[in-house]
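Asker: Provide a 3D model corresponding to the input given below.
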Amino acid sequence: MAPHTVDENLVVELTETSGVPGYEDRIRERVIDELEGTVDRIRTDAMGNVVGTIEGDSDYSVAVAAHMDEIGFMVSHVDGDEDGGGFLELDPLGGWDARVLRAQRVTVHTEDGDVPGIIGSPPPHTLDPEDREKPPNVDDVYVDLGLPYEEATDRISPGDLVTMDQSTEFVGETVTGKALDDRICLYAMLEAAKEIDDPDVTIHFCATVQEEVGLRGARALGVDVDPDLAIALDVTVANDVPQFDEGEHVTRLGDGTAIKLKDSSVITSPKVHRRLRSVAESEEITHQIEILPAGGTDTAGFQHTYGAKPVGALSIPTRYLHTVTEMAHREDVAATVDLLCAFLESETGEHDYSY
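Answerer: Residues are numbered from 1 along each chain as shown. Okay, the predicted model is just below:
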């Protein structure tokens, strides 16, 4: 099998498309378009999960999952007065670090179309000393629409959605932008679906929803799909930058796809992660081990819902998670596609993953 070549155009489309938890409509349509013609059947469920299935020669089934949702906001209130401007108060959808939100462009998604805005940041020299030293808080974030209050209330309503406005760029050997968590892994899953041909087992490629607010889509699919084995794909921490000691890196960009041993939500099945390592070594696919001290993924969703299931996970090392400049290495992305394909194509349903 030739090493995977990253499709830059598809990466840009997937990462720049909006889709916050519970409102993944736009990215869901894009996923369905990519799965058409590459799988035997496609279905969606009441939560919005997408499942593309390739039928195998046995009843044994494997679920592969990557989540579609990105962190964002919901408008909670339109603030202002009749003679002034209109500003939006926000409720977060997913985990935000308030330090990265100031002075960012955003897009407000309304039923009548998208509206641009910015997250305001007053000049520091105009603030009182105590305000300058005060730690930022997500609750203090507001969106300036540049519109009169009356027009703002006409165009924006509580419940409208807000995403960060950022383009995706290829910088050196990396790709950077918003929503690499988890669109870069969604890309890897979709590309694997295109490359898999005549598998021994049935494979369900699952694009899940609402991962960022509690693994909710994967928990539902754990029941509905009920696979014999589940492999989740997600980004993971790469703190291989100045100010972090080597022991704090977790993973490093350029060292290959990361085979997860644990995070705070799951301990992956030893026989699964050992076979992932064995396949990577035999196929000479660059890889590294991931031991993540905090954070959870869809892996746990499949393990917790419908009895004991063997689970594994592949992660793409990513710097600056939950910002608009998340960064991944193109060779790590390619290695993830290659290992996922090699693992699935060699899965016979006869491997013993039990203790």
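
Asker: Only alpha carbons, please: show the helix or strand encompassing Ile231 as PDB.
Answerer: Element membership of Ile231, judged by DSSP states H and E, is strand 229-237. In PDB, the C-alpha atoms belonging to strand 229-237 read as follows (Å, rounded to 0.1, in the frame of the first residue of the first chain):
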ATOM      1  CA  LEU A 229     -14.700  -3.600  18.300                       C
ATOM      2  CA  ALA A 230     -14.500   0.200  18.300                       C
ATOM      3  CA  ILE A 231     -11.600   2.400  17.200                       C
ATOM      4  CA  ALA A 232     -11.900   6.200  17.800                       C
ATOM      5  CA  LEU A 233      -9.900   8.900  16.200                       C
ATOM      6  CA  ASP A 234      -9.200  12.200  17.800                       C
ATOM      7  CA  VAL A 235      -6.500  14.800  18.200                       C
ATOM      8  CA  THR A 236      -4.200  14.800  21.200                       C
ATOM      9  CA  VAL A 237      -2.000  17.100  23.100                       C
END
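
Asker: And the contacts of the helix or strand following that strand?
Answerer: Reading on from strand 229-237 to the C-terminus, the next helix or strand found by DSSP H and E is strand 257-262. Here strand 257-262 makes contact (Cβ atoms under 8 Å, 6 or more residues apart in numbering) with 236, 251, 266-268, 273, 276-277, 280, 285-292, 297, 299, 312-317, 332, 335-336, 338-339. Every C-beta, even on glycine, is put in place using the N, C-alpha and C of the backbone.

Asker: just for the stretch 1-150 of the chain, where's the confidence low?
Answerer: 124-125, 127, 131-133 (pLDDT under 70).

Asker: Now with 80, please.
Answerer: The stretch 1-150 of the chain contains residues with pLDDT under 80 at 1, 121-136.

Asker: hang on, the earlier thing: given the strand holding Ile231, what are its sheet partners and their directions?
Answerer: If you go by DSSP bridges, strand 229-237 pairs up with strand 61-67 (parallel), strand 311-319 (parallel).

Asker: and the angle from that strand to strand 257-262?
Answerer: Orientation check (axes from the mean of the first three to the mean of the last three Cα atoms, to 10 degrees): strand 229-237 against strand 257-262 gives 100 degrees.

Asker: quick check: angle from the helix or strand encompassing Asp338 to strand 257-262?
Answerer: Using DSSP H and E, Asp338 falls within helix 330-345. Angle, helix 330-345 to strand 257-262, by the same axes, to 10 degrees: 70 degrees.

Asker: what is the mean pLDDT for helix 330-345?
Answerer: Average pLDDT, helix 330-345: 98.

Asker: which secondary structure elements does that helix contact?
Answerer: Contacts defined by 3 or more Cβ pairs under 8 Å, 6 or more residues apart in numbering; DSSP states H and E place helix 330-345 against strand 61-67, strand 174-177, helix 180-195, strand 229-237, strand 257-262, helix 270-282, strand 311-319.

Asker: can I get the ones you listed in a markdown table with mean neighbour count?
Answerer: Output for the helices and strands packed on helix 330-345, formatted as a markdown table (neighbours: other Cβ atoms under 10 Å):
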| stretch | mean neighbour count |
| --- | --- |
| strand 61-67 | 28 |
| strand 174-177 | 22 |
| helix 180-195 | 26 |
| strand 229-237 | 27 |
| strand 257-262 | 23 |
| helix 270-282 | 17 |
| strand 311-319 | 28 |
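
Asker: Show me the one of those that comes nearest Glu326.
Answerer: helix 180-195 (4.0 Å; Cβ to Cβ).

Asker: After the closest one, which helix or strand is next?
Answerer: strand 202-208.
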